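# From the sequence below, what's the structure:
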Amino acid sequence: MEFIEFFKLGVSQFLGYTGFANVTWGHICMIAVGIFFIALAVKKNYEPLLLIPIGFGMIIGNIPFVGGLEVGLYESGSVMNYLYFGVLHGLYPPLIFLGIGAMTDFSALISNPKLILVGASAQFGIFAAYIIALALGFSTMEAGAIGIIGGADGPTAIFLTSKLAPEMLGAIAVSAYSYMALIPVLQPPVMRLLTTPRERLIKMRPPRAVSHREKVYFPILGILLTTFVVPSALPLLGMLFLGNLLKESAVTKRLAATASGPLVDIVTILVGLTVGASTQATNFLKWDSILIFGLGALSFIFATAAGVTFVKIFNLFLKDGNKINPLIGNAGVSAVPGSARVSHVEGRRYDKGNYLLMHAMGPNVAGVIGSAVSAGILLSFLY
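Numbering: from 1, shown residues only. The predicted structure is shown next:
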């Protein structure tokens with residue numbers, strides 16, 4: 001009899017530890033969202049390098065368990081908690097920026113410097129969302145973290161939020177990466193709404209050839225000009241321009257290959273996985289998270305609209321032959337090269353011979369710099 005009672009107690013204890021005994025509708029909801037993200041990546045090819053790690057992270061983070069086993073992301077001493085350290089303390093974003101710099105060709109921006117204004121104009125979405133978040137009752141630091149979603153730059157959003165509002169990191173990071181992946185869905189309607197058929201047919205002059213010397217000088221001048229103005233953006237911009245110098249110097253090919261390949265791939269996996277896992281239903285499913293997601297979408301739409309509208313206004317001061325196709329205004333957000341591809345695809349919808357990709361890369365890479373500068377400005381004012 002004692003054995004039977006012991007066996008029953010053991011079975012009962014085991015069943016109490018299973019996910020079936022601890023599952024809630026919140027866990028099921030977030031697991032379904034994770035599966036949806038994976039489906040978007042596999043079926044629609046929407047930024048699979050982001051959505052698959054994030055989606056699978058959502059599944060991992062919402063497997064129900066009994067507290068105290070040191071398996072959850074928010075449990076001190078767990079493996080997931082150690083991996084999350086790089087997100088929570090802003091370690092991963094500079095490493096991703098190093099890889100982005102090593103992968104990025106700034107030639108389109110160097111050959112046509114006025115395109116940096118397009119990238120700058122798209123940062124309007126950040127400050128518009130900041131003002132709206134303040135009006136809705138968020139604190140100044142929380143509003144700053146929410147606003148940065150409009151830059152469409154996941155690493156920058158993580159970096160700034162880890163400083164200003166770490167308690168909102170999961171919601172803001174998931175929002176930023178989600179909207180980066182959904183660029184092909186969100187941006188085209190705004191672009192079509194704000195442009196005329198005639199504007200969509202504008203053909204831009206081919207960008208001039210950029211010399212090797214110019215490419216080497218650019219990251220050096222870039223780091224000096226940006227960080228002397230906004231030193232608080234140094235962790236991001238320093239790594240971005242270092243990565244680009246490794247690439248363009250042509251004498252550190254092994255380092256550039258490591259930064260743009262294995263290093264950025266490893267960090268992307270870790271960021272996606274831990275950001276996804278941070279959506280643990282007990283911590284994530286709150287009214288504020290839903291509101292943040294909505295404000296993120298609004299911020300992103302404002303950024304896209306600001307970029308397109310700025311080009312239309314700028315064209316009023318440019319001579320025929322030098323005008324800019326407003327369809328590249330959307331590329332002022334930081335999602336490289338996703339938003340530039342959207343510019344190109346939209347341009348070819350109206351003229352199969354209109355190749356906007358290289359032109360769109362100008363404001364696109366300017367947006368990377370602009371979002372980091374905007375984060376630095378917010379950090380210096382609010383931190």
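# Now for residue 259, how many residues are close by?
For residue 259, the tally of surrounding residues (other Cβ atoms under 10 Å) stands at 25. From N, CA and C alone the C-beta is placed, and that goes for glycine too.
# Find the nearest non-adjacent residue to it, please.
residue 102 (3.9 Å; Cβ to Cβ, 6 or more residues apart in numbering).
# any idea how far residue 186 lies from residue 161?
Spatial separation of residue 186 from residue 161 under the definition Cβ to Cβ, to the nearest Å is 21 Å.
# circling back to that earlier point, which of the helices or strands spans the residue nearest to residue 259?
Of the helices and strands defined by DSSP states H and E, residue 102 is found in helix 92-103.
# Report all helices and strands that that helix contacts.
In terms of contact count using 3 or more Cβ pairs under 8 Å, 6 or more residues apart in numbering; DSSP states H and E, helix 92-103 is assigned the packing partners helix 154-164, helix 234-248, helix 264-277.
# List of residues touching that helix?
Residues outside helix 92-103 that contact it (Cβ atoms under 8 Å, 6 or more residues apart in numbering) are 86, 155-156, 158-159, 219, 235-247, 256-257, 259-260, 263-264, 267-268, 270-271, 336, 368, 372.
# out of those residues, which are buried?
Neighbour-count burial within the contacts of helix 92-103 applies to 86, 155-156, 158-159, 219, 235-247, 256, 259-260, 263-264, 267-268, 270-271, 336, 368, 372; the criterion is 16 or more other Cβ atoms under 10 Å.
# which residues in the stretch 251-383 of the chain form helices?
Taking DSSP state H, counting those that start in this stretch to define them, one finds helices in the stretch 251-383 of the chain at 253-258, 264-277, 281-284, 287-315, 338-350, 357-382.
# Now do the fourth one: distance to the chain's middle.
Remark: helix 287-315 is offset 14 Å from the chain centroid, using Cα atoms, centre = their mean, to the nearest Å.
# Could you check the angle that helix makes with helix 154-164?
120 degrees (axes from the mean of the first three to the mean of the last three Cα atoms, to 10 degrees).
# Next, the angle from helix 287-315 to helix 357-382.
On the basis of the same axes, to 10 degrees, helix 287-315 is oriented at 120 degrees to helix 357-382.
# Now do the contacts for the closest residue to residue 129 other than its chain neighbours.
Closest residue to residue 129 apart from its sequence neighbours, by Cβ to Cβ, 6+ apart: residue 299 at 3.3 Å. Applying Cβ under 8 Å, 6+ apart, one finds that residue 299 lies in contact with 125-126, 128-129, 146-147, 149-150.
# 7 Å instead, please
Applying Cβ atoms under 7 Å, 6 or more residues apart in numbering, one finds that residue 299 lies in contact with 125-126, 128-129, 147, 149-150.
# Kindly report the same for residue 128.
Residues counted as contacts of residue 128 (Cβ under 7 Å, 6+ apart) are 299, 302.
# How many residues are close by residue 81?
Residue neighbour count, defined by other Cβ under 10 Å, stands at 18 for residue 81.
# what about it, helix or strand, and which?
Per DSSP H and E, residue 81 falls inside helix 79-88.
# picking up where we left off before, and residue 186 and residue 161? Which one has more around it.
The neighbour count for residue 186 versus residue 161, taken as other Cβ under 10 Å, is higher for residue 161 (29 against 19).
# list the contacts for the more buried one?
Shown here is residue 161, whose contacts under the criterion Cβ under 7 Å, 6+ apart are 145, 168-169, 172-173.
# per-residue confidence for it?
Listed pLDDT for residue 161 reads 92.
# Name the nearest residue to it, ignoring sequence neighbours.
Nearest-residue entry for residue 161: residue 145, 4.2 Å, with adjacent residues in sequence omitted and distances by Cβ to Cβ, 6+ apart.
# Report pLDDT for residue 3.
We note a pLDDT of 69 for residue 3 in this prediction.
# these two touch, right, residue 50 and residue 183?
No: Residue 50 is beyond contact range of residue 183, at 10.9 Å (criterion: Cβ atoms under 7 Å).
# pLDDT-wise, what's the bottom of the contacts of residue 299?
On pLDDT alone, residue 150 ranks lowest of the contacts of residue 299, at 82.
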